[in-house]
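1. Here is my input, please return the structure:
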Amino acid sequence: MQQQKRQNQKGNSIKFEQEEWISRLPDEILIRILSSLTVKQAQMTSVLSTRWRYLWTHINCLNFGYNRSPKRSEYIDWVNKVCSSIQSPRIEEFRMISNLDEKAKDNVDKWLDFAMEKRVKDLELVMSMNPRDPDRYIFSYPATFSSYITNKHLRSLNLRYVNISGATLEHFLLHCQSLEQISICESKFLTTLKVGGGSYPLLNLKSLEISYCPILTDLKISAPNLSNFQYQGQQIRLHVENAPLLCHVYIGGHSGDRLTWAFRALSSYLCQLQTLVLGLGLFEFYNPPWIPMEFQQSWKLSSLRELTVRVSGRDCEHLLFILLFLKATPFLEKLRLEMEYLLNKNAKLLEEMTDEVCPHKYLKVLEIIGFTAFPNLVEFVKRLSGAAPKLETVIVDPSPPWKASDLSQIVFTKQFEQLFDMLLKSVITERIEFVL
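-> A predicted model of the protein is given here:
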């Protein structure tokens, strides 16, 4: 009993010393620590002592976390109280993920006005994520703000599930020339958009994402320092000019869409791309994959080092598409395949594949997420590894891409084991490391 009492006293002493050590830190460091937490977590520290009671009101990063509560009025009241309590003259971040919609517009407008007046640097707003919500919040500048606010400090703008028109966004960008990163997703109001050029060159813009805007038809981009571009959605009229530093691209299409239009729009920049991600969707159910003749004749991705292909559907067409596409990537070092919903429809691929495999002298890593033990896919890995003399690592993950490395739902059938064993025997050599 005495020994246990001494141990408890020792544990309490250590805990007390730790608390004393933290309390001895200057306010500036404590505020920096609190700023790395969500607002709710930072608020909880107010009960620690008198000194901590109002310390959280000086944080400069307002991360409101994800609001799951159906009681919207309580959430709105809480955010209003937080904004009125903040003492910091500037805020670095304002991040909100909530289920609020247009009915809360007056309050959301007030919060954005507050953030802009505090010269926010990183602004992220993720609103009602229900795709059928008819009352999605509408971002309306300058009406959203109390006055025309030119923010020379805003570095990143991230709007998801927020309706914003092209004219409104262009007007906003005109007054935020320091932006380095822009991401607009799931806007039902965006029809045409011009990013950069003319009266607002956006000389600092490095990253641009426009995804899943269902009525978008035209996108024009002029940004001399743009290095990262991501587009996902239906076919549009895409015009990219004055982007000499563009080197990282993600292009994803909807069902039924081919990506040829995107390649042609980016044809002037293909030779300088270093990483490329292709989201092929389910288009092969409607149209067979098709490689533009330009890839076979003149287009070369001579700077491409990493290629990721996200595919769904019939494995035969996808694998042939990939093999044909690889002919335009002579210096590729890493190939990553993210595969889902594969079907084993075409056994003739085994014969057709032989003529399509070309040497890949620089390929070092092959990674397959969502590996399924179909003969065509096994043969694909065998043929590709045989054509890559510098291949060092083959990584295979049977779990689906959205649950990578999660094997809990995988059923290892006898056929899977047999084909997997065949793959091991044919791929593993002294120079190739095989990773499951």
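2. What's the end-to-end length of stretch 224-237?
-> 20 Å (C-alpha to C-alpha, to the nearest Å).
3. Please disregard the earlier target; I meant stretch 23-42.
-> The first and final residues of stretch 23-42 sit 15 Å from each other (C-alpha to C-alpha).
4. how far out from the middle of the chain is it?
-> 29 Å (C-alpha atoms, centre = their mean, to the nearest Å).
5. got the contact list for it?
-> The contact list for stretch 23-42 (C-beta atoms under 8 Å, 6 or more residues apart in numbering) reads 22, 45, 49, 51, 55-56, 58-65, 82, 92. Heads up, the C-betas are built off the backbone N, CA and C, glycines and all.
6. which of the residues you listed lies closest to Leu190?
-> Of all the contacts of stretch 23-42, the one sitting nearest Leu190 is Phe64; the distance, using C-beta to C-beta, is 25.1 Å.
7. Look at the residue lying closest to the closest one once chain neighbours are set aside and tell me its secondary structure.
-> Once its chain neighbours are removed from consideration, Phe64 has its nearest residue in Met96; the separation is 4.6 Å (C-beta to C-beta, 6 or more residues apart in numbering). For Met96, the assignment made with DSSP: H, G, I helix; E, B strand; the rest coil gives strand.
8. How much space separates Met96 from Ser69?
-> Plainly put, Met96 is 13 Å away from Ser69 if you go by C-beta to C-beta, to the nearest Å.
9. And Asn158, by the same measure?
-> Per C-beta to C-beta, Asn158 is found 22 Å from Ser69.
10. ok, Val394 touching Leu436?
-> No - counting by C-beta atoms under 8 Å, Val394 does not reach Leu436; the two are 9.6 Å apart.
11. just to revisit the earlier point, give me every residue that touches the residue nearest to Phe64.
-> Taking C-beta under 8 Å, 6+ apart, we find Met96 in contact with Phe64, Asn67, Val79, Trp111, Glu124, Leu125, Val126.
12. buried residues in stretch 184-192?
-> With burial defined by 16 or more other C-beta atoms under 10 Å, the residues of stretch 184-192 counted as buried are Ile184, Cys185, Glu186, Ser187, Lys188, Phe189, Leu190, Thr192.
13. ok so, going back, of the contacts of Met96, closest to Ser399?
-> For Ser399, the nearest member of the contacts of Met96 is Val126. The distance, counting by C-beta to C-beta, is 26.9 Å.
14. how far away is that closest one from Asp133?
-> Counting by C-beta to C-beta, the separation of Val126 from Asp133 is 13 Å.
15. More neighbours: these two, which one.
-> For Val126 versus Asp133, the count of surrounding residues by other C-beta atoms under 10 Å is larger for Val126: 18 against 15.
16. residues contacting that one?
-> With contacts defined as C-beta under 8 Å, 6+ apart, the neighbours of Val126 are Met96, Ile97, Ser98, Asn158, Arg160, Tyr161, Val162.
17. Reformat those residues as JSON lines; add distance to Pro398 and pLDDT.
-> Shown next, in JSON lines, are those (distance: C-beta to C-beta, whole Å; pLDDT from 0 to 100):
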{"residue": "Met96", "distance to Pro398": "38", "pLDDT": "95"}
{"residue": "Ile97", "distance to Pro398": "32", "pLDDT": "93"}
{"residue": "Ser98", "distance to Pro398": "37", "pLDDT": "92"}
{"residue": "Asn158", "distance to Pro398": "33", "pLDDT": "98"}
{"residue": "Arg160", "distance to Pro398": "31", "pLDDT": "95"}
{"residue": "Tyr161", "distance to Pro398": "33", "pLDDT": "94"}
{"residue": "Val162", "distance to Pro398": "37", "pLDDT": "95"}
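18. Would you mind checking which of those is nearest to Leu205?
-> Compare each of those with Leu205 using C-beta to C-beta and the shortest gap goes to Asn158, at 13.8 Å.
19. hmm, back to that, derive a ChimeraX selection command for the buried subset of the contacts of stretch 23-42.
-> ChimeraX command restricting those to the buried ones, with burial defined by 16+ other C-beta under 10 Å:
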select :45,55,56,58,59,60,61,62,63,64,82,92
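20. Select from the contacts of stretch 23-42 every entry located in strands.
-> Using DSSP state E, the members of the contacts of stretch 23-42 that fall within strands are Cys61, Leu62, Asn63, Phe64, Gly65.
21. Let me know whether the first one touches Glu93 as I believe.
-> To tie it back to what came earlier, the one meant is Cys61. Yes - between Cys61 and Glu93 there is a contact at 4.3 Å, judged by C-beta under 8 Å.
22. Wasn't Ala104 part of a strand?
-> No - under the criterion used here (three-state DSSP), Ala104 is helix, not part of a strand.
23. what pLDDT does it get?
-> Ala104 is assigned a predicted lDDT (pLDDT) of 92.
24. what do you get for the one 10 residues further on?
-> Per-residue confidence (pLDDT) for Phe114: 94.
25. Setting aside sequence neighbours, what's the nearest residue to it?
-> Cys83 (4.9 Å).
26. wait, Asn67 sits on Ala104?
-> No - Asn67 sits out of contact with Ala104 when judged by C-beta under 8 Å, with a separation of 11.0 Å.
27. Now list whatever residues contact both of Met96 and Ser69.
-> Counting by C-beta under 8 Å, 6+ apart, nothing touches both Met96 and Ser69.
28. Just the helices from the stretch 301-436 of the chain, written as ranges.
-> Taking DSSP state H, counting those that start in this stretch as the test, the helices found in the stretch 301-436 of the chain are 315-326, 349-356, 375-386, 414-427.
29. quick revisit: now render the contacts of Val126 as CSV, adding distance to Gln234.
-> Written out in CSV, the entries for these read as follows (distance: C-beta to C-beta, whole Å):
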residue, distance to Gln234
Met96, 29
Ile97, 26
Ser98, 28
Asn158, 22
Arg160, 18
Tyr161, 18
Val162, 19
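30. Max pairwise distance over those residues: which two?
-> Ser98 and Asn158 (14.0 Å).
31. quick one: which of these two has more around it?
-> Set Ser98 next to Asn158 and count neighbours by other C-beta under 10 Å: Ser98 wins out with 24 against 17.
32. and the more buried one, what is it in contact with?
-> For Ser98, the contacting residues are Phe64, Tyr66, Asn67, Tyr75, Val126, Met127, Ser128, taking C-beta under 8 Å, 6+ apart as the criterion.
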